[in-house]
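>>> Build me a model:
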Amino acid sequence: MGNCLRCFKSSTSSDNSVAINSSQNINISEKEKNQHESEELLQTNVNNINIKTSHYDSSNYKKSLVNGSASSNSNLVEDKSKIQTAKSQLADNAINKMFEEYKDKDEDAILSEGIEKLCKDLNFEPDEFPILVLAFCLDAKQMCKFTKQEFIYGLKNLNATTISELRDRLMQIVDDLQTNVDLFKQLYRFSFHFGLDEGARILSLDMAMSLWKLVYTVQAPNNNVLERWLSFLSKESIRGIQRDTWLMFQNFAECFDINSYDSNEAWPSLFDDFVEYEISRLKKLELNEEERDKREQENNNNNINFSHKNEQI
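Numbers count the residues shown, from 1 in each chain. Next up is the predicted model:
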């Protein structure tokens with residue numbers, strides 16, 4: 001009985017131990033399961049939160065703003081570009097229409113007759129300074145001829161689509177030329193090539209003298225050197241004016257001083273001839289003045305003597 005009881009106790013104890021272990025295992029298992037489930041639930045919630053908050057991520061929001069702004073700016077640029085293109089097209093049409101009004105019937109250019117009509121509408125004479133400025137602005141390659149390309153390109157640069165606007169632009173440039181030394185130099189260099197006959201390399205003397213008078217309408221050199229230079233040329237047998245002579249005359253006129261002129265410097269020989277001519281001319285003037293003063297003095301003396309004789313009588 002005791003054994004059975006001992007056995008029972010032992011059995012019970014063993015069974016209880018097994019039961020306890022089993023219960024503990026179950027509890028641990030359930031705990032782990034519950035913990036695992038809790039972790040999964042927590043992770044799920046975190047993921048859900050991330051998913052939800054990703055729609056409100058500040059960086060994404062900023063990107064959307066930037067993209068929206070860029071899209072808006074792009075539209076503005078595109079609209080401005082379209083407006084500019086439309087304005088440019090209108091200007092082109094107006095300039096083309098103006099060209100057609102003056103162009104020659106048989107040639108796609110404005111020739112002498114058309115230029116005369118254009119000058120009349122601009123209220124200028126063909127040989128006035130503003131017309132030389134017009135040719136300069138068009139970068140015309142030949143006198144008495146404006147090609148279509150020259151005319152359209154030039155008027156677009158001047159931003160002139162009407163006769164009134166063209167006249168205003170020309171007068172503005174004429175004013176600028178009085179003080180803008182660099183611009184005047186560009187005009188001066190242009191004038192030589194503009195005056196050349198087609199295929200020629202030397203400017204005819206008559207054309208050179210006319211252009212010198214015209215181009216120096218503004219910024220005339222001091223000491224009347226231009227008038228003295230032209231007077232010298234008109235008395236010399238000169239075939240024409242070379243490019244170097246034309247270009248260097250501007251510097252020569254700016255610094256001309258007959259007393260300090262050095263013929264050993266790299267001036268064209270024509271300038272040496274001009275200085276010799278001027279020295280000779282000035283000496284003659286000086287001698288003529290001395291002779292004139294001498295004659296005047298003799299006349300005065302004669303008058304005095306005559307007056308004394310009359311008094312004695």
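>>> Sketch out the low-pLDDT regions of the chain for me.
Under the criterion pLDDT under 70, the flagged ranges of the chain are 1-87, 290, 293-313.
>>> Let me see the ranges of the helices in it.
With helices called from DSSP state H, the chain shows them at 2-54, 58-102, 112-122, 129-138, 148-158, 163-177, 181-195, 205-215, 225-235, 243-255, 269-312.
>>> Tell me what angle the third one forms with helix 129-138.
Put plainly, it is helix 112-122. If you take axes from the mean of the first three to the mean of the last three CA atoms, to 10 degrees, helix 112-122 sits at 110 degrees to helix 129-138.
>>> Could I get the buried residue list for helix 112-122?
Of the residues in helix 112-122, those buried under the neighbour-count criterion (16 or more other CB atoms under 10 Å) are 114-115, 118-119, 122. Yep, even glycine has a C-beta here, placed from its N, CA and C like the rest.
>>> What distance do you get for the nearest residue to Ile202 once chain neighbours are set aside to Ser204?
Computed as CB to CB, 6 or more residues apart in numbering, the closest residue to Ile202 that is not its neighbour in sequence is Gly240, at 3.8 Å. When CB to CB, to the nearest Å is applied, the distance between Gly240 and Ser204 equals 5 Å.
>>> go on, Gln186?
In this structure, Gln186 and Ser204 are 23 Å apart, going by CB to CB.
>>> neighbour count winner among these two?
Between Gln186 and Ser204, counted using other CB atoms under 10 Å, Ser204 has the larger neighbour count: 16 against 13.
>>> thought the more buried one was touching Asp197?
Yes. Using CB atoms under 8 Å, Ser204 is in contact with Asp197, at 7.2 Å.
>>> which residues touch the nearest residue to Phe252 once chain neighbours are set aside?
Taking CB to CB, 6+ apart, and ignoring the residues beside it in sequence, Phe252 has Phe271 as its nearest neighbour in space, at 5.7 Å. Taking CB atoms under 8 Å, 6 or more residues apart in numbering as the definition of contact, the neighbours of Phe271 are 245, 248-249, 252.
>>> nearest to Leu155, of those residues?
Phe249 (31.4 Å; CB to CB).
>>> And that closest one, how close does it get to Leu226?
Distance of Phe249 to Leu226, given as CB to CB: 9 Å.
>>> so what sits against both of those two?
When contacts are counted by CB under 8 Å, 6+ apart, Phe249 and Leu226 have Trp212 as shared neighbours.
>>> list the contacts for the residue nearest to Ile202?
The neighbours of Gly240, taking CB under 8 Å, 6+ apart as the test, are 202-205, 208.
>>> Dump those into JSON lines; add distance to Asp127 as well.
Formatted as JSON lines, the entries for the contacts of Gly240 read as follows, by distance: CB to CB, whole Å:
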{"residue": "Ile202", "distance to Asp127": "22"}
{"residue": "Leu203", "distance to Asp127": "17"}
{"residue": "Ser204", "distance to Asp127": "16"}
{"residue": "Leu205", "distance to Asp127": "17"}
{"residue": "Ala208", "distance to Asp127": "15"}
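>>> From those, list the buried ones, please.
203-205, 208.
>>> ok so, going back, have a look at Phe249 and Leu226 and say which one is more surrounded.
Phe249 (24 against 18).
>>> pretty sure that one contacts Phe232?
No. Shown here, Phe249 and Phe232 do not form a contact pair, counting by CB under 8 Å, at 11.8 Å.
>>> Quick one: residues in contact with stretch 222-230.
Stretch 222-230 is contacted by residues 209, 212-213, 216, 220, 249, 253, 256, 274, 278 when judged by CB under 8 Å, 6+ apart.
>>> for the residues you listed, which one is nearest Leu158?
The shortest separation between Leu158 and any of those is 23.5 Å, and it belongs to Tyr216 (by CB to CB).
>>> which residues touch that closest one?
By CB under 8 Å, 6+ apart, Tyr216 lies in contact with Leu226.
>>> How much space separates Cys234 from Ala208?
If you look again at residue 234, you'll see it is Ser, not Cys. Relative to Ala208, Ser234 is positioned 11 Å away (criterion: CB to CB).
>>> hang on, I meant Gln242
As judged by CB to CB, Gln242 and Ala208 stand 10 Å apart.
>>> again, but for Phe129
In this structure, Phe129 and Ala208 are separated by 16 Å, where distance is defined by CB to CB.
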